[in-house]
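>>> Fold the following.
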Amino acid sequence: MSHEVLTVAQMTAADAFAVAHGVPSLTLMENAGRAVAEAAANHISSGKAVVLCGPGNNGGDGFVVARLLQERGYGVTVAHDGGHKGDAGAMAAKWKGESVKLSPAALDGATFVIDALFGAGLNRPLEGAARDVVAALGDLPVVAIDVPSGLSGDTGRPLGDVAVRAALTVTFFRKKPGHLLLPGRLLCGEIVVADIGIPPEAVASGLFENSPELWCFSWPRLDAHKYARGHCVVVSGPAHATGAARLAARGALRIGAGLVSVASPPDAVAVNAAHLTAIMVKPFEGGAGLAELLTDRRFNAVVVGPGLGVGGETREAVFAVLASGASVVLDADALTSFRDHPDALFARLHDRCVLTPHAGEFDRIFPGLLEESASRLDAARAAAAQCGAVVLLKGPDTVIAHPDGKAVINANAPPALATAGAGDVLAGFIGGLLAQGMTAFDAACAGTWLHGDAAARFGLGLIAEDLPEILPESLAALAP
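Predicted structure coming up:
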């Protein structure tokens with residue numbers, strides 16, 4: 001299965017490519033309807049289906065579904081308002097079963113509903129009879145064709161105040177951003193991607209759903225020693241705020257960095273030393289002291305920000321880290337400290353930097369960008385281009401964007417990850433991967449996916465300290 005994700009425009013181009021290369025459009029529609037009918041039958045074994053058919057090709061798919069479900073022995077009624085043309089008209093003409101006017105009354109007696117009203121290309125709110133029917137669906141199980149009607153395929157956002165909430169969505173060839181971005185992912189329910197005959201080379205998007213197939217994990221070599229696996233440094237905050245740095249350090253060590261040290265200000269040396277064993281403590285004082293410490297080129301990756309505090313001292317520490325030549329993860333306070341001077345930060349970033357803001361931190365250094373952008377994907381891409389570094393916009397639908405426009409949407413994070421300190425561990429995971437030589441983009445993608453996978457394996461009751469301890473199970477599942 002390809003993990004490529006296509007925008008609505010790219011999907012339209014893929015359809016056109018298929019037709020231009022010898023796949024008739026009616027064949028694509030028949031294949032699409034067949035895939036939906038099979039998925040629906042696997043999901044719901046019997047009953048009466050009401051197929052809601054819109055005026056376009058999505059409605060044409062619906063007529064195919066209706067015909068094939070009827071052949072399987074289901075009771076089927078098609079609700080539509082007519083006027084179908086082209087391929088949709090050809091498929092409507094093949095339907096010989098019951099047809100009724102599109103209205104809430106059409107749902108009477110339905111066991112389940114096939115939503116064939118509008119596909120991913122809808123760009124306006126639902127209105128008229130379509131809106132009335134969707135509003136009346138209640139708890140009826142819905143199988144949506146392409147995307148739930150009323151949902152933008154590009155942004156994952158409802159286009160108005162009403163949208164279908166599906167139990168199952170069947171899309172074709174590739175997922176769209178709206179299948180992965182919230183709240184679209186919730187509205188889609190289970191997602192099936194069906195092959196309908198579009199050639200794999202139809203289009204290249206530069207956007208992917210995060211998956212281990214996209215990156216090459218840095219497995220240790222048999223003849224490697226700890227120094228060959230890199231040395232990650234995590235910069236600690238003051239004595240009263242050291243836990244975040246230790247969480248990150250534990251994450252960096254567990255994910256495979258050969259050595260990990262916590263760079264500690266004088267007042268925090270004792271508390272850090274008392275809590276750490278395999279992780280070393282390296283004292284420093286102020287920005288100049290941190291810069292001196294990092295002249296040791298064996299320290300090839302640095303995590304800076306968790307628990308560091310907001311203000312001038314943190315800005316000095318960040319400048320020292322960025323000048324060191326090491327790969328860098330900038331998280332939390334390392335970002336917020338530049339809310340009034342983001343350009344001063346951006347001017348010092350390089351291609352081995354990963355910024356890991358949550359939405360609030362993102363808005364502080366990229367003010368207005370989230371609100372002005374059509375989606376979190378667009379915002380992250382614009383931010384990466386603006387700052388010239390990899391941007392990881394955290395959330396249940398984390399987006400990772402490269403300055404060249406390449407991007408990944410991560411969809412494996414469970415709700416249990418909404419817990420204090422989880423982001424600190426993620427920063428450590430990425431720092432540990434950078435120490436082992438992964439690129440900034442690949443380290444961000446791999447660290448994020450493993451973070452979600454580990455959380456899912458642990459389940460309910462997860463706290464941040466559990467993530468490094470369950471991580472070996474995720475790594476073992478990936479091992480070659």
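>>> Any stretches of the stretch 1-150 of the chain with poor pLDDT?
Filtered on pLDDT under 70, the stretch 1-150 of the chain yields the residue ranges 1.
>>> Confirm Arg364 sits in a helix?
Yes - secondary structure assignment places Arg364 in a helix (DSSP: H, G, I helix; E, B strand; the rest coil).
>>> Excluding covalently adjacent residues, which one is nearest to it?
In space, and not counting its chain neighbours, Arg364 is closest to Arg339: 4.0 Å by C-beta to C-beta, 6 or more residues apart in numbering. (Each C-beta comes from the backbone N, C-alpha and C, glycine too.)
>>> Ile365 versus that neighbour, what's the distance?
Distance, Arg339 to Ile365, by C-beta to C-beta, to the nearest Å: 6 Å.
>>> rewinding a little: the residue nearest to Arg364 sits in which helix or strand?
Using DSSP states H and E, Arg339 is not contained in any helix or strand.
>>> Ok, Gly197 next?
Using DSSP H and E, Gly197 sits within no helix or strand.
>>> next one: Gly119
Counting by DSSP H and E, Gly119 is part of no helix or strand.
>>> quick one: contacts for it?
Applying C-beta atoms under 8 Å, 6 or more residues apart in numbering, we find Gly119 in contact with Gly56, Asn57, Asn58, Ile145, Asp146, Val147, Gly153.
>>> can we see that at 7 Å?
For Gly119, the contacting residues are Asn58, Ile145, Asp146, Val147, by C-beta atoms under 7 Å, 6 or more residues apart in numbering.
>>> So Leu69 sits against Val50, correct?
No - counting by C-beta atoms under 7 Å, Leu69 stays clear of Val50, with 10.6 Å between them.
>>> Domain ranges for this structure, per the record?
Following automatic domain parsing, the chain resolves into domains at 18-205, 212-478.
>>> what about the last one, how long is it end to end?
When the termini of domain 212-478 are compared using C-alpha to C-alpha, to the nearest Å, they are 8 Å apart.
>>> what's the distance between that domain and the middle of its chain?
18 Å (C-alpha atoms, centre = their mean, to the nearest Å).
>>> What is the burial count for His225?
Residues lying near His225 (other C-beta atoms under 10 Å) number 9.
>>> mind checking how far the nearest residue to it once chain neighbours are set aside is from Ala301?
Closest residue to His225 apart from its sequence neighbours, by C-beta to C-beta, 6+ apart: Gly258 at 7.3 Å. For Gly258, the distance to Ala301 equals 11 Å [C-beta to C-beta].
>>> which of these two has more neighbours?
Neighbour count, other C-beta under 10 Å: between Gly258 and Ala301, Ala301 has more, with 27 against 19.
>>> Can you give me every residue that contacts that one?
Contact analysis of Ala301 by C-beta under 7 Å, 6+ apart lists Gly230, Cys232, Ala326, Ser327, Gly431, Leu434, Ala435.
>>> Also Val113?
Val113 neighbours (C-beta under 7 Å, 6+ apart): Val50, Leu52, Leu107, Leu137, Leu140, Val142.
>>> Give the helix, strand or coil label for it.
Val113 - assigned by three-state DSSP - is strand.
>>> Name the nearest residue to it, sequence neighbours excluded.
For Val113, the spatially nearest residue (C-beta to C-beta, 6+ apart) is Val142, at 4.7 Å.
>>> my read: the one you found touches Ala163, true?
No - Val142 is not in contact with Ala163 according to C-beta under 7 Å; the separation is 10.9 Å.
>>> Tell me which stretches of the stretch 1-150 of the chain form strands.
48-53, 75-80, 98-101, 112-116, 142-145 (DSSP state E, counting those that start in this stretch).
>>> Neighbouring strands - and their directions - for the third one?
Strand partners for strand 98-101, identified by DSSP bridges, are recorded as strand 75-80 (parallel).
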